[in-house]
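Chemist: sequence first, then the predicted structure:
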Amino acid sequence: MDAPRPRGIVVFGGGTATNSLVDVFESIRESRNCSLSYVIPISDNGGSSSELIRVFGGPGIGDVRSRLVRLIPGSDTDAERASIKDLFNYRLSTDPLQARLQWLDIVEGRHQLWSNISSEKRELIRSVFNLVNLEIVKRARPSSVFNFSKASIGNLFLTGARVFTGSLESAIYLLSTICSIPPTVSTLPAINTNFTHHISAGLADGTQITGQNSISHPSAPTSLPDDDSLGNGSDRSPQQQQQQQREMEEHDLIEDATLPGSLPTLRKQYIDFSKAAADDDDLPARIARIWYINPYGHEIWPGANSKVLAAIRGARAVVYSVGSLYTSIVPSLIPRGIGAALAGGGGPQFKVLILNSANDRETGPRAAPLTATDFVRAVARAAAGNSSGSSNSGGSDGDADVRIGGAEEVRQYVTHLVYLEGEGAPRVDRDELAALGVECIRVYGRRVDGMLRYDEAGLTRALEAVIGKPEMLRSRRNTSGQ
């Protein structure tokens, strides 16, 4: 009889930052011969995803596509897998007309991207492209045509597969199969949905910012429609209310996938934005809370993907990876059920936060940047906010701190902190964290283009020291049995 597979690893994190550590997690998975699950948020409404959401609706799938393509094995040595990676990572021209011509070359099989892809895979992929192209043509209106500028080919594929199957997880399964991703590695959307789920951020000074792109990148503060019961309408001047009303009326003349009367900031195209500008533009105050909203801006409490809950309950370790704290990590922690799965008995033994090597727009302002303790509390608050079905789904600096004030409560969600020391890195107070029951492990890093980065070998050793190498676990079992 085959020995039971060791309990798995679950990694929370979306975007390019976690992509840079995929080889670390894969090394640990291989050495332990266990499952590895990546939990990805679906709330991103920036870049080419914003145009797909505007025309098709549905979740933001850019981070899902990015992770799936990053997980393609052997793309450095296998010509076909390298070509598949290039295809699904390809972005069309910034010029809309040129981009549309490039898209047609790909759909019709003429583009050089197809050169090393076998005919059976090419025709399977093209069938999805043909479907999404047909849907784009069907949805064209005088007031609204699809903008192919900077469109991600992989995002178009996932959208077409989701529209065809009616299932986000089926679309992910199809792309995973084409990319030859091992069955023991899963990419799981935090919420399994065919609908768009946006997030809002509440700042400590009372400012509210609506939509992930507006949180992550410089933008004007946004607010809900006039509704005094939500504490937003009375704070706006008549001129601001009139401007918002005009914006809504203008957008209602455009026929696309957005519902009439939905918030203008959720209906805009965010194809062009500067990540570099975000690093130089402080939020006016710290983020106090993140929550999900419907298209009209009202708070909702979506349930977590059941496969994510099962992965957490079957995991030995959960890792909160590097990346944007409030838009890459927290949106995957606040759906209903996540907190209970993390804190419940029989769940993961180790919950490791890999601290970012620098603060960003979300974890500033630079005058008072978040410390390592602030990161730990933010993760714990987010998870604790939904563990009992509370409406405080994103955590706050008020009552939620009472629930997670002591070491016992914090350790339900974070047991270890892995961090770097260097200029610009968040401050780590080991005594303060020890009082919360969090064990700290320092890892040496290296400078890449002036930025402090984790050394992969060092990070792998640190995670193995926490989770335990397979031979270490066997040694412990043998010792305990004597």
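Modeler: Everything's here; your move.
Chemist: for the stretch 201-350 of the chain, which segments are assigned as strands?
Modeler: For the stretch 201-350 of the chain, the strands defined by DSSP state E, counting those that start in this stretch occupy 208-210, 287-293, 299-300, 315-320, 350-354.
Chemist: what sits up against the fourth one?
Modeler: Outside strand 315-320, the residues within contact range by CB atoms under 8 Å, 6 or more residues apart in numbering are 6-13, 25, 34, 37, 312, 329, 342, 347-354, 379, 414, 463, 466-467. In this view, the C-beta of every residue, glycine as well, is placed from N, C-alpha and C.
Chemist: could I have the buried ones of those as ChimeraX selection syntax?
Modeler: Entered in ChimeraX, the line below selects the buried ones among the contacts of strand 315-320, by 16 or more other CB atoms under 10 Å:
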select :6,7,8,9,10,11,12,13,25,34,37,312,329,342,347,348,350,351,352,353,354,379,414,463,466,467
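Chemist: in helices only, show me the contacts of strand 315-320.
Modeler: Cross-referencing the contacts of strand 315-320 against helices under DSSP state H gives 25, 312, 342, 379, 463, 466-467.
Chemist: relative to Leu203, which of those is nearest.
Modeler: Of all these, Leu203 sits closest to Val379, with 18.5 Å by CB to CB.
Chemist: so that closest one touches Leu333, yeah?
Modeler: Yes. Look at Val379 against Leu333 with CB atoms under 8 Å: they come within range, at 6.8 Å.
Chemist: tell me the contacts of Thr460?
Modeler: Thr460 neighbours (CB under 8 Å, 6+ apart): 24, 27-28.
Chemist: now do the SS call for it.
Modeler: helix (DSSP: H, G, I helix; E, B strand; the rest coil).
Chemist: hmm, back to that, quick one: least confident of the ones in helices among the contacts of strand 315-320?
Modeler: Note: of the ones in helices among the contacts of strand 315-320, the lowest pLDDT belongs to Ile467, at 93.
Chemist: how much space is there between the nearest residue to that one once chain neighbours are set aside and Asn45?
Modeler: If you skip the residues right next to it in sequence, Ile467 has Ala317 as its closest partner in space, 4.7 Å away by CB to CB, 6 or more residues apart in numbering. With distances taken as CB to CB, to the nearest Å, Ala317 is found 31 Å from Asn45.
Chemist: what about these two, which has more around it?
Modeler: Between Ala317 and Asn45, Asn45 has the larger neighbour count (other CB atoms under 10 Å), namely 26 against 23.
Chemist: and the residue nearest to Ile467, bridged to which residues?
Modeler: Using DSSP bridges, the beta-bridge partners of Ala317 come out as Ile9, Phe350.
Chemist: number of nearby residues for the nearest residue to Gly337 once chain neighbours are set aside?
Modeler: Spatially, and ignoring its direct neighbours in sequence, Gly337 is nearest to Ala304 (4.3 Å; CB to CB, 6+ apart). Other residues lying near Ala304 total 25 when counted by other CB under 10 Å.
Chemist: same deal with Arg162?
Modeler: 24.
Chemist: so it, which state does it fall into?
Modeler: Arg162 ends up helix, using three-state DSSP.
Chemist: so the residue nearest to Gly337 makes contact with Gly339?
Modeler: No. Using CB under 8 Å, Ala304 makes no contact with Gly339, being 9.4 Å away.
Chemist: residues touching Ser332, list them.
Modeler: By CB under 8 Å, 6+ apart, the neighbours of Ser332 are 12, 14, 39-41, 190, 308, 338.
Chemist: any idea how far it lies from Phe157?
Modeler: From Ser332 to Phe157 the distance is 23 Å (CB to CB).
Chemist: circling back to that earlier point, and the residue nearest to Gly337, how far from Ile106?
Modeler: 35 Å.
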